[in-house]
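In: sequence unavailable; structure follows:
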């Protein structure tokens, strides 16, 4: 049973989606228990598998019984014959974080979704569960083409989820996202095609082994132009998917004009998983020696990341809408992770910090978007000024918000502080001072942004009494709803996320130690199958 | 913006041309994708070509690669199709009852309307059964010739679309209702994944068709793989058929599944 868990993590939400599709239309009350059940199984699977990785090292799972090296009917099966799943130190914790996030959002979404668009609840849950399948599958797979298929699963479902909201701007944003996302996925696929052309395999570990063969043929492939082009194409494809600065255009509108339960799952997970895919490609497929010594675009990419961080922060400062501001913060955070992954210090602290930040940022973004979702619905908050006096009106919700905000700023007990610590250490060790400066400036900007919100929400810009009366007809959104605390179904996910932000921060030592055991991350020895 | 687009296109184009110089020879048997990389052991494609008959008894290697060796990919390709269908339902489908006046012009028997109906109706009555029969042939013969679940499913779906185009959407939906096509789409993947999960019940891996030998009561595991491949192809065909028609029905009627084109 325990051997089957890697594949069960991916399959369980898929079966959930099928059940919702079959029975959800007749009876909407089926959707919620099925979603919770399916995602709980995934969470258990992710935790058990991560524990296995912790005790015994990387876990491999071969689909269809085509294990590498196995003898079937007298034929020895080569690596890459079937599709391989692999859980190692790089993705074990990410799987757990994804599982936690989708489970919490599915709890959070239940009432919200049913009130917005009652008769389409089952479509929402079917798409949501398929999106979870896609995210799990992208994270767990060790096959470059299989990754593309699951990128498609997660992209198509997210286009649908974004366009589901009734606002026309959301539909327009979803259309932009369809175009950009398809371009990104095509670039990735083209890159994988080039890799296949030069190596004759799609298995990530097999590609790595062929690239690093210590003979003439291997060296020719290692130096070949096609491999360089393949890497550039994959990199650009993933940059589009993760909204890296000049390619971020689709993100702010897509994530701010969609239903709040959708933004809660997409904002924390989609971009982070794309960053993970980039790092997986660098570490496992091409190998860090190829990326940093042969390809060596470290300086260029770190400068791009610096621009991304500064631009994201500047745009965030200029926003009046809460969700838009959070979206631009995501753009800045993507800059952190790409920059950290590319600083190329010999101790690999930048890369470690980047991997740790994927986990940290997923939780922090989830926390902030959950709060934004609650505030939008319970208090009609859209602009920052609508937050006026919110601490008095909804103290329980705002407590969760404080934790997320402190994490974004980087205040010590939260995980945001430690990820910045490792990223800065990587920047200093490698001499990329511009990256260090950008990180510090961005932290300052975050502090300004969130303390501005605290000020509005805690002290209030206007007297809270005057604002409550219906004297202004134009300001209906903010005044029509009397802010009240949401139920436990909204608050519990928020508080669990806030607690996890602190817990991940306190456990940073062991988490980082775990991540640094990734094969190929620090040791120069190649990744070997089994 | 136009200049930016031009620069992006030129940059991408020159990147692609830059790589051309060290492409392997066109169609060469010794290129990595065909013959593998020297010194890296027996390559995947060589094993596919030489051993498929031993491993699965399937004459069409493409089917074996698609439905067995990389069956996990194909399952998720089918999920992609289901996701596309579900997304279109989620966006377009109008479930609230809207009392719109029925468009009479479509049902108005104009001067030569009846003649048209006779010609079109007769043609459809002759064509649709043949199309459907051919679709089933394509699904069933995926093993031996080009074809398989995706192609057969598209042809089968097209036959329903033809019916919808030739008459009206209600006529087609009377034969293939909304409940039926959503159900069929989900059942298709259930069939596919079900074959995989059966393998797990026998203590083997997911999608390990060889484990199904006791169920199919075949002589050896290769034949069981061959049978299971037919099974999953049928599952794929179900989903593709249903989603093809579902997408048409939604787009043609703006999600109301009434009147239509």
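Out: Good, I have the coordinates. These numbers come from a predicted model, not from an experiment.

In: how far away is the residue in the stretch 51-200 of chain B positioned nearest to chain A from residue A:164?
Out: Here the stretch 51-200 of chain B gets closest to chain A at one residue, residue B:87, 2.7 Å apart by CB to the nearest CB. Just so you know, the C-beta spots here come from the backbone N, C-alpha and C atoms, and that holds for glycine as well. Separation of residue B:87 from residue A:164 (CB to CB, to the nearest Å) stands at 8 Å.

In: repeat for residue A:346
Out: Distance from residue A:346 to residue A:164, by CB to CB: 48 Å.

In: more crowded one of these two?
Out: residue A:164 (24 against 9; other CB atoms under 10 Å in any protein chain shown).

In: tell me where chain A has strands.
Out: For chain A, applying DSSP state E gives strands covering A:59-62, A:71-72, A:75-76, A:84-87.

In: residue A:34 and residue A:356: what is the separation?
Out: Distance, residue A:34 to residue A:356, by CB to CB: 34 Å.

In: of the two, who's got more company?
Out: Under the criterion of other CB under 10 Å, the comparison of residue A:34 against residue A:356 puts residue A:356 first, with 27 against 24.

In: my guess is that one contacts residue A:422. True?
Out: Yes. Using CB atoms under 8 Å, residue A:356 and residue A:422 qualify as a contacting pair, with a distance of 6.0 Å.

In: pLDDT averaged over stretch B:6-22 - what is it?
Out: Stretch B:6-22 shows a mean pLDDT of 90.

In: touching it from outside, list them.
Out: Around stretch B:6-22, the neighbours that count as contacts under CB atoms under 8 Å, 6 or more residues apart in numbering or on different chains are A:194, A:224, A:225, A:226, A:228, A:229, A:230, A:232, A:233.

In: around the fourth one, count how many other residues there are.
Out: When you say that, I think you mean residue A:226. Around residue A:226 there are 21 other residues, counting by other CB under 10 Å.

In: what of the second one?
Out: Neighbours of residue A:224 under the rule other CB under 10 Å: 20.

In: now it: closest residue in space, sequence neighbours ignored.
Out: Nearest in space to residue A:224, with sequence neighbours left out and distances taken as CB to CB, 6 or more residues apart in numbering or on different chains, is residue B:22 at 5.1 Å.

In: quick one: that neighbour is in a helix?
Out: No. Residue B:22: not assigned to a helix; according to DSSP: H, G, I helix; E, B strand; the rest coil it is coil.

In: I'd like to know how far it sits from residue B:198.
Out: 46 Å.

In: ok, residue B:235 next?
Out: Counting by CB to CB, the gap from residue B:235 to residue B:198 is 13 Å.

In: likewise residue A:500?
Out: Distance from residue A:500 to residue B:198, by CB to CB: 38 Å.

In: more neighbours: these two, which one.
Out: residue A:500 (23 against 19).

In: now do the contacts for that one.
Out: Contacts for residue A:500 (CB under 8 Å, 6+ apart) come out as A:100, A:363.

In: sorry, back to before: for chain B, state which of the contacts of stretch B:6-22 is nearest.
Out: residue A:229 (3.8 Å).

In: can you tell me the number of residues neighbouring residue 28?
Out: Reading this off chain A. Residue A:28 has 18 neighbours, counted by other CB under 10 Å.

In: correction: the question concerned chain B.
Out: Applying other CB under 10 Å, we find 12 residues neighbouring residue B:28.

In: which SS state does it fall under?
Out: Put simply, residue B:28 is coil when judged by three-state DSSP.

In: in terms of contact, does it touch residue A:197 like I think?
Out: No. Counting by CB under 8 Å, residue B:28 stays clear of residue A:197, with 11.2 Å between them.

In: how about residue 229, nearest residue that isn't a chain neighbour?
Out: Let's take chain A. residue B:19 (3.8 Å).

In: should've been chain B
Out: Nearest residue to residue B:229, sequence neighbours excluded (CB to CB, 6+ apart): residue B:67, at 4.3 Å.

In: need the contact list for the one you found.
Out: Listed by CB under 8 Å, 6+ apart, the contact set of residue B:67 reads B:74, B:142, B:148, B:149, B:229, B:232, B:233.

In: so for residue A:182, what's the pLDDT?
Out: We note a pLDDT of 93 for residue A:182 in this prediction.

In: give me every residue that touches it.
Out: Contacts here follow CB under 8 Å, 6+ apart; on that basis residue A:182 touches residue A:155.

In: what sits against residue 238?
Out: Unless you meant another one, I'm taking chain A. By CB under 8 Å, 6+ apart, the neighbours of residue A:238 are A:184, A:188, A:274, A:275, A:277, A:278, A:281.

In: oops, wrong one, chain B.
Out: Going by CB under 8 Å, 6+ apart, residue B:238 touches B:153, B:184, B:185, B:187, B:188, B:191.
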